[in-house]
Structure formats: structure tokens, C-alpha cells
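# Structure for this input, please:
(chains A and B)
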Amino acid sequence: MTFAVEVNGRIRTVAIERTPREGQFRVSVDGHVHLIEAARVGASGLSLIVPEKGRASHDVEVLEGPATGEMTVRVGHDSFRAVVNGRRAVRADAGEQGVSGEQRIVSPMPGRVLRVMAAEGDQIGAGQPLIVVEAMKMENEFRSPKSGRVKHIGVREGMAVEAGRLLAIVE
Amino acid sequence: MKILVANRGEIAVRVMRACRDMGLACVAVYSDADRTSPHVRYADEAYPLGGDEPMASYLRIDKLIDIARRSGADAVHPGYGFVAENPAFAAACRDAGLTFIGPEADVIALMGSKTAARSAASRAGVPVVPGTDTPLDASISDGELGAVADRVGYPLLVKAVAGGGGKGMRTAPTSHDLPSAVRAARSEAGSSFGDSTIYFERRLERPRHIEIQLLGDEDGTIVPFVERECSIQRRHQKVIEESPSPVVDAALRRTMATAAAAVAREVGYTSAGTIEFLLDSDGRFYFLEMNTRLQVEHPVTEMVTGVDLVQWQIRIARGERLTLPVDAMIEPSGHAIECRIYAEDPEAGFMPSPGHIRTLREPSGPGIRDDSGVAAGFTVPIFYDSMISKLVAWGCDRPQALARMLRALGEYEIGGIRTTIPFFRWVLAQDDFKAGRFDTTYLDRVLAARNGQPFVEAAPLTEEIAVIGAALHGFLRGPAAGGRSESGPATAWVRTGRLEGLRR
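You can find the predicted model right below:
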């Protein structure tokens, strides 16, 4: 069975098949083959041992969500975001793709809208504050990633927002 | 005896643990968002406050007193934060015939005024940071303020008389900066504390924050403890505390403990309290303020002295006399360090990260203590402080305590939300930190210099294991995970599984 796994912006093709040995798998990552002993631990845990690497032991935990194929994979104390067989993940930080075109400003965390500092139709400059969301007694200011026109404001002052909520669109 | 804990989260659990150790019943209060909080599940009885925002829940003195009465509680422990330093709450408990586990209301009020506290320290013969001893209210003209500031000397700090936690505080490096610093401090003090009076304090260059925990009983006995080192601060908030300080020797320790006890005696202090000092690079120390409550960092003192400070608060409140061996309390046994675990994303500028905790594995093993207020399945609310746990490590010396802390941070797994654990792993690896070379400006300086580099950069091998783990998770979970079978057309069962996967 093959999977397309994206981690840190790179997609690798992973092919997995069982070996005759119970709990052992032949795992090919972009053509490089590893033998892996894998055991599930509860619903989200995986204990991996790599026999050919001095029986190196890796404590892995996979938490799925929120979208299908999206997961957080922890290896030891390092965490990775992975997408399995998904569309290429859209990067949240505009810096990677430049700031041309329509920009959607999304709250990365739940909270409460403290201030809305622009109205639909306003012309605004890059870096100009748009919306302040408060959570845990801390204020977080969301600024316009580009100069342009406010196409949409998705929230009102005082409103509770969930993580992923669209705050504004600048075009 | 039954004790109502007028707080939430980790400190409520900490206080209830002391109650249970003493065989006392404990009563929890909770907001709507905290219905399934560990402090509710841990308590013997639990009463709803209603509401979510602190103003509608944990700050409601009327509701807290009413619940104390209805539950038949004899005493109230306020924890820290919320109503802990509100003299009106201590007075309301007293008036309702309840024992307030803390100092007298008038002592809380006295030390809550930063200028009155400075005067008390001066009367006790303890040096204070050079500054003004009378509050400066709005009636004082800009010209007069400038003259007062010139006498204090620059650079100076403009601070709220009712302040704390870095709120209502601004720096004026020169006289040119004074008017805007005064305006900003007054405005923030007014909105945070309802009192816009300010005072001036000379800003010491790169001081260390050293504080002395103490206990006082109704007989007037004051017992000071070995110092805590709290210089690792981010934006005036402590994030790592230790005991003892890497730079305080036995002679300075004794001098500071004696000074702290003198201030407490001057105001007739009872219960647990802390005298905060600034220590300059020449070894001179200055009184900063007093906290009239238990502090977040109290466990490091408990770890190096073996004393349960919360139990002693309860014993003092019920009229017992302090029987601790005074000299032994300033002799640290080993070394302890605490990291405040916050639900914040260090890789995103310490942005709040409240939300649902899906998995939780707490560290343990030799020398580790985790005072936590969360559990798997609990949703960390957006309404309150972001601290979810205090992780404490003890070792026979500082290197062993640091090594154990680093090991425990590696064991600590909180799935579903972001926390400051990776940030602490980074701090503990810094040479200056390991060598004890730091002051209160250290952390903000090194963070600014990092320019947003990630705190954790995983090795390529680890990334490959993550890729393998993600794929194996899908493989072992079955075809619904969406793997493409190479053994011909999918069966109906597999197709159904895929559709379910899509619908999810």
C-alpha cells in the first residue's frame, strides 16, 4: 500500500508491506527501504524499532485532524505536522508565497474579538492593524499582510471565535 | 474542618492536595468553562459560580461567600491571582465568620500600595530602590513631575502604585521620555487596577530578582526561608525560578533573610508571604515589593526545605504556632528549579494556545514534581491565565536539578495544544543559563537576538521517522486511511471505508 506523506513542505512516497515476521514491515521511503518493527500503543501511540539501525527505538504518537489526512506526528519530543494523501497543504504564512492576490486572515486560536479596526471597503496599508483577538488575558493583533482594500470582515467586536475562523479578507 | 478553595486549575488542585494530606474536606468552585476541570473532579464537593469571564465567576466575592456558607466551609483559601490580594475579600470572609487563609485584610491593603510598602521597608531599616515615597496623582503638574524625576535620576521606571506583574509600568530612559511614559503608565494603571496614581523608581542596570519566602504566626514569630532566584523573566513575567540562587552566598542569604523578616515584623505579617528584592551586580540589594499571598514558585522552596507551605498556611490560620527550626530554613538541601508550563506557542511569538487536550503524558521519576491543573479530555479555556502546570525538578546540586528538568521536559507530552515546553528545552541548553550568568533583562535580550528562529530543529532522521510513523498509522488503521492498494481494484468494503474517510 502506498501513501503520499507531506512533512515540512516535502512530499515523500511511502510504500508499506508486511513481512512474514509478525509485527515487521518493509517500508520504502522514496525508494529507500527500511525494515521496521511496529506495535500500536492505544489509539494514537506507535512504538517503532529499527532492527538494522542498532535496534533504535522511537516513541511515536499520531493525532489525526482536523481535516482528513491531516495529523500531528510526535517523535520523541519533536512534533511534525503531516498530511497523508492530501492536497498540498496551503501555508498559513504568506511570506512563503509572497503577498500578491487575495489574502485571507484567519485566527490561529480560539478567543474573543476585542477590536475591529477596519471596515469593508477601506483602503489599508501593509502592516496596518485590522483585528485584535483576546485569549488568556493576552491581546493578539492581526495586521494586513499587504496594502489593498478590505473585501470582507468576518467578525464583530465581542464575538467568540474558534481556531481557523476567517477574520478578514484583503484584496 | 472544611476548606473552600476560591480558585481554579493547578493552584486549586495544589491547595486541595494539602487539605487531603491533612485529612480536611475541600470544596471547589467553578465557572461554566471549568465544569470538567481537574480541580472540580479532585474536590470533595463542587459548586457552580456560573459565568465564564473572571468578572462573572472567580472574582465574584458575593458568590464565593454565599457558596462558602451553603457548603458549610470553615475556612477559605484564595490561592494566587483572582481575589488572593483583594483586601475586600479577606474582610468579607471575616465578616461572614469564615477564616481567611492568609494575612489580615488591612495588611493586604497596606502592602498592596507600592509606596506604603516602600515606606514600611524603610521604617524596618531595609534599603529600597531609590525613588518616590509618596504617590503621584493626576493633580501634580508636568513641571513638578519633571523635578521629582530629576531628583530620582534616570533611567527611571514609572510604576502604578496599585500595580503588579509588570502592568502599569513604563521605562523613561531620559527626561525626554518622561511625559509619554507617565501617560501610558497612568492609562494602563487606570484600566487594570482602577487607580491611575503612579510613582517613580530608579531603574537599576541589569539587576537580579531575588526573593525571600516567609511564614508568620499570630504570636509574631517570623520564619524566613532560603532565597528564590527569579531573574528569568519574559516581559516582566517570571518563567523559571530556582532555589537557591547561583550567586547568593551564605552571608548574603542570612542578611537578606533578616531584612525580609524585619519588613514582615514591621507590618505584623501572618501566613505565607514573599519579600521581593533587586540585587545589583555589586551585591547590594533593595526592597522591591511584598506579595501577601502564596506564590506560583513556592514549590522550589518546598523542595529544598521539605516544608509544605500550604499546610503551614492552614495551620497558622487555625491558630497554631510556628515550630519550624529557624536556622535550618535558610540552609538549602540540594537545588530546585521550576518551569511554568504555559498553553502558548513559542514558535508563534508565544501566542495563546487554548483548546482541547487530546493526550497527556506527565513526567515522573527521581526528583520530579508536576503541579498540574489539566488532564486529557479537558479543554483549556480562553478566559483565564495560560499557565497549565508548574514542573519542578530537585537535584543534589544545580547541574543535577537542571539535567533532571531537561529530562522531564523531554518526557512531558501534551497533545492537542501548543505549550512552552520546547522553549524551556532551549533555555536550559544556553551556556549563560547553565553558568548562572543572567539578570532580569537576559531572556528578553536573547529572545530578541534570535529573530524568530525555531526553538526546536529536528534531525533529518527524526523527520524520516515521522514520515514513516504517519504512513504506518494509516496502514495499521486500515484502508479507510486512504492508502492506495496495489493489489488490483478496491473491494466494496474498501470503497465504503474510503467514503467514510472522506466524510469525516
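# need the strands for the stretch 351-500 of chain B, in chain order.
Assigned by DSSP state E, counting those that start in this stretch, the stretch 351-500 of chain B shows strands spanning B:351-352, B:355-356, B:359-361, B:368-372, B:379-380, B:387-395, B:413-415.
# how about those strands, which one is nearest B:D280?
Taking CB to CB, strand B:387-395 is the member of the strands of the stretch 351-500 of chain B nearest to B:D280, at 28.3 Å. (C-beta placed from N, C-alpha, C; glycine too.)
# re the thing from before, can you redo the strands of the stretch 351-500 of chain B as TSV with mean pLDDT and mean neighbour count?
Output for the strands of the stretch 351-500 of chain B, formatted as TSV (pLDDT from 0 to 100; neighbours: other CB atoms under 10 Å in any protein chain shown):
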stretch	mean pLDDT	mean neighbour count
strand B:351-352	92	23
strand B:355-356	94	16
strand B:359-361	93	16
strand B:368-372	98	18
strand B:379-380	96	22
strand B:387-395	98	24
strand B:413-415	93	20
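# can you tell which of those is closest to chain A?
Comparing the strands of the stretch 351-500 of chain B by their distance to chain A (CB to the nearest CB), the top pick is strand B:351-352, with 4.0 Å.
# by contact count, what packs against the helix or strand bottoming out on mean pLDDT in chain A?
Lowest on mean pLDDT, DSSP states H and E among the helices and strands of chain A sits strand A:138-143, with a mean of 86. In this structure, strand A:138-143 makes packing contacts with strand A:129-135, strand B:351-352, judged by 3 or more CB pairs under 8 Å, 6 or more residues apart in numbering or on different chains; DSSP states H and E.
# Can you tell me which residue sits nearest the middle of the chain?
No chain in the question, so chain A it is. A:R81 (5.3 Å; CA atoms, centre = their mean).
# actually chain B
Short answer for chain B (CA atoms, centre = their mean): B:V296, at 3.8 Å.
# Assumed that one was part of a helix.
No. B:V296 is assigned coil when assessed by DSSP: H, G, I helix; E, B strand; the rest coil, not a helix.
# picking that back up, winner for burial among the helices and strands packed on strand A:138-143?
strand B:351-352 (a mean of 23; mean count of other CB atoms under 10 Å in any protein chain shown).
# Is it positioned near chain A?
Yes. Counting by CB under 8 Å from any CB of the partner chain, contacts between strand B:351-352 and chain A involve B:M351, B:P352.
# contacting residues around that strand?
Contacts of strand B:351-352 with the rest of the structure, by CB atoms under 8 Å, 6 or more residues apart in numbering or on different chains, involve A:P108, A:M109, A:G111, A:A135, A:M136, A:M138, A:N140, B:A343, B:E344, B:D345, B:I382, B:S386.
# Which parts of the stretch 401-504 of chain B are helices?
B:421-428, B:431-434, B:442-450, B:460-477, B:492-503 (DSSP state H, counting those that start in this stretch).
# what about the residue of chain A most remote from its centre, which SS state?
In chain A, A:P20 marks the outermost C-alpha relative to the chain mean, sitting 36.0 Å out by CA atoms, centre = their mean. Recorded secondary structure, A:P20: coil (three-state DSSP).
# quick one: secondary structure of B:S119?
Recorded secondary structure, B:S119: helix (three-state DSSP).
# Just give the closest residue to B:S353, not the sequence neighbours.
Nearest residue to B:S353 in three dimensions, chain neighbours excluded: B:R418, at 3.9 Å (CB to CB, 6 or more residues apart in numbering or on different chains).
# So what's the residue count around the one you found?
23 (other CB atoms under 10 Å in any protein chain shown).
# Tell me the backbone dihedrals of it, please.
Dihedral pair for B:R418: phi -90, psi 150, per degrees, to the nearest 10.
# Do I have it right that it meets B:A343?
Yes. With contact defined as CB atoms under 8 Å, B:R418 reaches B:A343; the gap is 7.2 Å.
# Could you provide the helices and strands packed on strand A:138-143 in JSON lines, with additional columns for distance to B:M16?
Below are the helices and strands packed on strand A:138-143 laid out as JSON lines (distance: least, CB to CB, whole Å):
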{"stretch": "strand A:129-135", "distance to B:M16": "27"}
{"stretch": "strand B:351-352", "distance to B:M16": "26"}
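# Ok, which of those strands comes nearest B:A471?
Going by CB to CB, the one of the helices and strands packed on strand A:138-143 nearest B:A471 is strand B:351-352, 30.6 Å.
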